[in-house]
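Enquirer: Here is a sequence with its predicted model. Questions after.
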Amino acid sequence: MTERLDLVLDSQCALGECPVWSPRETALYFVDIKGMKLHRLEPETKRHTVIALSEEIGCFAIRKDGGFIAGLRSGVWHLAADGSRVAMLAPNPEHHATNRFNDGRTDPRGRFFLGTIDEPKAGATAGLYRFDKRGLAQIEGGLTTSNGLAFSPDGRVMYHSDTPRFTIYAYDYDVETGTASNRRIFAQLQPNPGGGGGRPDGGAVDVEGCYWTALYDGGRVQRYSPTGELLAEYQVPAGAPTMVAFGGADMKTLYITSARDGRPADELARLPHSGGIFSLRTKVPGVPEPLFDPEA
Ligand SMILES: O=C1O[C@H](CS(=O)(=O)O)[C@@H](O)[C@H](O)[C@H]1O
């Protein structure tokens, strides 16, 4: 498809990730993992502020009681609205030098799900975790890059991917207990020997239950039906789109983060806004991201 994607902000992120729309603030938050920054953008006013952090932030959610819950390299933290540290909620259970937190999202009740990345990609030592009032619990192990978390509109399906396996999984999800079971393959993407196929990165779901994924190394975003059929794809002016989130007053703007870090020089010359935030207007609105509820 040739729908128009707009450049929203030429943020030049090393590794832009985790777009989160705040309907209350009509603002988009996102992180630059390698730049160790938390960004806030009001698309209407173009007001853009940046909070510098002292370590990599892989993901975060907005808290019901103000501030953020965030997956920093050292652990899961409660951060105040200005980014200052309130308390560490749980240490990173993996080897900090090689594994950091990556993609994360809240479930419909406001529990925080977040996974890690095994950066050297040497031993599939990463995992997927749930953080709620009971603490940090491992949901899945043996991963390389935990990614793609999203929940269906009725909360009964959880989506998750392991990027280097080119696989998006679906689970039955029990929202009462926060338990995921019956993992199966939702979509199996194929490595393209010539390059440009792309690996499934961050995801989001629309109100029709369709799953959207950014394709890292593929320069595209895709929309899949609830049964895993590829419905549409859209070219992004960046080789490494990293994650998607719906926002805007009508929840029909798909915001897309992207990366510059490690991209080939010729690609950056061709796609100079790599690392920026792009948007696509969609016909179907997205499911809003629940706030993190410390009592869930
Ligand atoms: O560091 C990251 O890298 C991955 C891509 S992959 O593991 O190299 O396949 C990217 O998807 C991820 O989101 C990012 O944090």
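Expert: The structure has been received and is ready for your questions. Numbers count the residues shown, from 1 in each chain.

Enquirer: Run through the bridge partners of P91.
Expert: Per DSSP bridges, residues listed as beta-bridge partners of P91: G75.

Enquirer: Please disregard the earlier target; I meant S22.
Expert: A27.

Enquirer: Residues of the protein that sit close to the ligand?
Expert: For the chain, the residues in contact with the ligand (CB under 6 Å from any ligand atom) are 15, 17, 33, 102, 117, 145, 147, 163-164, 199, 201, 216, 242. Heads up, the C-betas are built off the backbone N, CA and C, glycines and all.

Enquirer: Drop anything exposed from those.
Expert: By neighbour count, with 16 or more other CB atoms under 10 Å, these hold 15, 17, 33, 102, 117, 145, 147, 163-164, 199, 201, 216, 242 as buried.

Enquirer: Relative to I256, which of the residues you listed is nearest.
Expert: I256 has its nearest neighbour among these in T242, at 8.0 Å by CB to CB.

Enquirer: pretty sure that closest one contacts A214?
Expert: Yes. Using CB atoms under 8 Å, T242 is in contact with A214, at 5.5 Å.

Enquirer: Show me whatever sits in contact with both of the two.
Expert: In terms of CB atoms under 8 Å, 6 or more residues apart in numbering, T242 and A214 are both contacted by the residues D201, G202, I256, T257.

Enquirer: May I see those residues arranged in TSV, with secondary structure as well?
Expert: Formatted as TSV, the shared contacts of T242 and A214 follow (DSSP: H, G, I helix; E, B strand; the rest coil):
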residue	secondary structure
D201	strand
G202	strand
I256	strand
T257	strand
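
Enquirer: Now do the strands in the stretch 1-150 of the chain.
Expert: 6-9, 16-22, 27-32, 37-42, 47-52, 57-62, 68-72, 75-79, 85-91, 99-106, 112-118, 126-132, 135-143, 146-151 (DSSP state E, counting those that start in this stretch).

Enquirer: for these, which one sits closest to A265?
Expert: A265 sits nearest to strand 16-22 of all the strands of the stretch 1-150 of the chain, at 19.1 Å, using CB to CB.

Enquirer: what's near enough to touch T45?
Expert: If you count contacts by CB under 8 Å, 6+ apart, T45 has none.

Enquirer: Local confidence estimate at it?
Expert: Note on T45: pLDDT of 98.

Enquirer: Same question for the one 5 residues further on.
Expert: Among the per-residue scores, V50 holds a pLDDT of 98.

Enquirer: ok, it to G135 distance?
Expert: Remark: distance between V50 and G135 (CB to CB, to the nearest Å) = 31 Å.

Enquirer: can you check Q190 too?
Expert: Distance from Q190 to G135, by CB to CB: 39 Å.
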